[in-house]
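Sequence plus the predicted model coming up.
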Amino acid sequence: MRTIVLSVASTSHQGIPLGVWVLVALGLVAGVLAVVSPWLRGRRPHVWWALCGYPVAVLRVLWTWRRLADLQGLSVAKRPPLAVVGAVMVKGRALRPVKPKLSFPRWRLGGLEVTVWLHPGQVPEQYAAVCEAMAHAWRMFAVRAVSEQRGEVVLRAAAWDPLTAPFTGLARSAGLLSAVVGVRDDGAWWRVDLRQAPHWLAVGATRSGKSTFLAALVSQFARQKLALIGVDLKGGMELGLFERRLTALASNRSEAAALLDRLVEIMTGRMARCRAEGVRSVWELPRPLQPVPVVVLVDEVAELYLMASNADKAEVAQCSTALLRIGQLGAALGVHLVIAGQRFGSDLGPGATAVRAQLAGRVSFRVLDKGTAEMVLGDLAPDAVDAVQEISIEAPGTAVIADAQTGGWLRARTHPITPKQAQEVAEEFAHLTPSLDDLWAGGAAA
């Protein structure tokens, strides 16, 4: 009798189709995800997106695309090869709008992207104009339209504001003279690339994020085979933390004037070497002859231009002239400027205006007046000035960056790197610090 019962149970177990077990397993997984989804979204948004958000978003994009294209005027009515007389179709079927072809949504960190192939006669601006409608239809934070090659538009959707939940878990090796200092609001890394934009200007009020920006730069540049020069007009209180990795540090204007003049002399030597070798920049020299790249960090730049008496005028002119020469000639000679301050505009004198014109990379953190934002971004991206005024005091590290190539602008946020963390990196890589004598032409990078 026992054998019969076991046989019946075994037969009943084996009689359940495999598909049923698969459905049960999927149901259990879906149930678990539904329970933990709110917790994941709040505590681990990137994990939530990979497990829950992205699959649902893919279904939503594919399901709504036809109706979205029709309602927003992206579909095109293609005439079939049939005769039409006036408003009456003699033969054939009714004309149907054909939606643009859409690729399968690809996963991105905190979002997704799809490629759309344009109909003949369409332009990317048509898709950029309806990005807000796409964001609502797909339940996304924002959608951007980017045309990377002719005939195609890439729609990049962000599930949430990347600046509120930046992902910092990936390695951020950026290459020589390039530093990843944060994340942009389109989800991409915020890179400060001195080969692309040789000189940078960053302004912001106290506790707006400038120190974090400089700390992020130091933590990246300290690992590279280059020289860091500090000009800290706060008596060295900020950049002095990284002194072991600095080739030289000037803590007042007199020291800054002498140091900047020394850098001009070094550039003159590099020019002579390039002329002797018949090249137009140090990057065209043979590898053994390429000199050590130099990054000059200037904090509280306004202090260089302030004059208490006429006796200060000569020193101010000396600093201003040296900065201007570095700005004009430094890109080809491997000497780069990163200037930071609360304010840097025409009110400091014509010398400041001339230097500012050489600083193609522009960053504005929260400022106290509209005029400062206009001085930094007004000539490159005028519509970014209002965006700077919207930065909250509760969002330190948030900035507006200008794109000199496209004339556009983006919001960005620095990685939360403290000066203490940057100091530890600087001390770890102190052995890479070259001397001033190593910066002359003919000295190969360490």
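Okay, I see it. Numbers count the residues shown, from 1 in each chain.

Would you indicate which residues of the helix or strand hosting residue 137 are buried?
Assessed by DSSP states H and E, residue 137 sits inside helix 131-138. For helix 131-138, the neighbour count (16 or more other C-beta atoms under 10 Å) marks 131, 134, 135, 137, 138 as buried. Every residue, glycine included, has its C-beta placed from N, CA and C.

tell me the contacts of the last one?
Which is residue 138. 57, 60, 61, 64, 157 (C-beta atoms under 8 Å, 6 or more residues apart in numbering).

swap the cut-off to 6 Å and go again
60, 61 (C-beta atoms under 6 Å, 6 or more residues apart in numbering).

And the pLDDT for it?
With respect to pLDDT, residue 138 scores 94.

separation between it and residue 57?
Plainly put, residue 138 is 6 Å away from residue 57 if you go by C-beta to C-beta, to the nearest Å.

What are the boundaries of the helices in the protein?
Under the criterion DSSP state H, the chain contains helices at 2-14, 18-43, 45-48, 54-71, 124-128, 131-138, 210-221, 253-277, 313-333, 350-356, 370-377, 384-389, 419-428.

Other residues contacting stretch 200-213?
338-341, 344, 359, 361-368, 372, 376, 396-397, 414.

Would you show me how to pick out the buried ones of those in ChimeraX?
Of those, the buried ones go into a single ChimeraX selection, burial set by 16+ other C-beta under 10 Å:
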select :338,339,340,341,344,359,361,362,363,364,365,366,367,372,376,396,397,414
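
Sitting in strands, which of the contacts of stretch 200-213 do you find?
338, 339, 340, 341, 361, 362, 363, 364, 414 (DSSP state E).

quick revisit: what would the helices of the chain look like in CSV with distance to residue 247?
Formatted as CSV, the helices of the chain follow (distance: least, C-beta to C-beta, whole Å):
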stretch, distance to residue 247
helix 2-14, 76
helix 18-43, 44
helix 45-48, 39
helix 54-71, 47
helix 124-128, 46
helix 131-138, 47
helix 210-221, 12
helix 253-277, 10
helix 313-333, 15
helix 350-356, 22
helix 370-377, 28
helix 384-389, 33
helix 419-428, 12
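
out of those helices, deepest packed?
Of these, the one with the most neighbours on average (mean count of other C-beta atoms under 10 Å) is helix 210-221, at a mean of 26.

how does the chain divide up, domain by domain?
Listed domain ranges for the chain are 36-76+96-160, 178-439 (source: automatic domain parsing).

Can you lay out those as TSV showing distance to residue 18?
Listed next are these as TSV, based on distance: least, C-beta to C-beta, whole Å:
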stretch	distance to residue 18
domain 36-76+96-160	23
domain 178-439	40
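
Now do the strands in the stretch 151-300 of the chain.
Taking DSSP state E, counting those that start in this stretch, the strands of the stretch 151-300 of the chain run over residues 152-158, 178-184, 189-193, 200-203, 227-232, 246-250, 294-299.

Give me the residues contacting the second one.
Going back to what we said before, that points to strand 178-184. Identification of contacts with strand 178-184 by C-beta under 6 Å, 6+ apart yields 162, 166, 172, 174, 189-193, 216-217, 220-221, 410, 412-415.

Please apply the same query to the last one.
Around strand 294-299, the neighbours that count as contacts under C-beta under 6 Å, 6+ apart are 221, 227-232, 238-239, 335-340.

now swap in the first one and tell me
Strand 152-158 is touched from outside by 111-117, 124, 127, 140-148, 187, with contacts defined as C-beta under 6 Å, 6+ apart.

residue ranges with poor pLDDT in this protein?
Along the chain, the parts satisfying pLDDT under 70 run over 1-15, 19-37, 41-42, 78-95, 165-174, 308, 403-407, 441-446.

picking that back up, quick one, which of the strands of the stretch 151-300 of the chain is nearest to residue 429?
strand 227-232 (10.2 Å; C-beta to C-beta).

if we can go back for a sec, among the contacts of strand 294-299, which one sits closest to residue 438?
Nearest member of the contacts of strand 294-299 to residue 438, counting by C-beta to C-beta, is residue 227, at 7.5 Å.

That closest one contacts residue 293, correct?
No - checked against C-beta atoms under 6 Å, the pair residue 227 and residue 293 is beyond contact range at 7.0 Å.

Those two: who's more crowded?
Between residue 227 and residue 293, counting by other C-beta atoms under 10 Å, residue 227 is the more crowded of the two (29 against 22).

In strands, which of the contacts of strand 152-158 fall?
111, 112, 113, 114, 115, 116, 117, 142, 143, 144, 145, 146.

Check those residues and tell me the two furthest apart.
So, those by C-beta to C-beta: farthest apart are 117 and 142, at 22.6 Å.

circling back: just flag the most distant two among the contacts of strand 294-299.
So, those by C-beta to C-beta: farthest apart are 238 and 335, at 21.2 Å.

More neighbours: which of these two?
Remark: of residue 238 and residue 335, residue 335 carries more neighbours, 28 against 20, as counted by other C-beta under 10 Å.

Could you check how far residue 291 is from residue 399?
32 Å.

Compare neighbour counts for these two and give me the winner.
Between residue 291 and residue 399, residue 399 has the larger neighbour count (other C-beta under 10 Å), namely 31 against 26.

which residues pair with the more buried one across the strands?
Going by DSSP bridges, residue 399 is paired in beta bridges with residue 412.

mind checking how far it is from residue 353?
Residue 399 is 22 Å from residue 353, by C-beta to C-beta.

Ok, residue 423 next?
Here residue 423 is placed at a distance of 34 Å from residue 353 (C-beta to C-beta).
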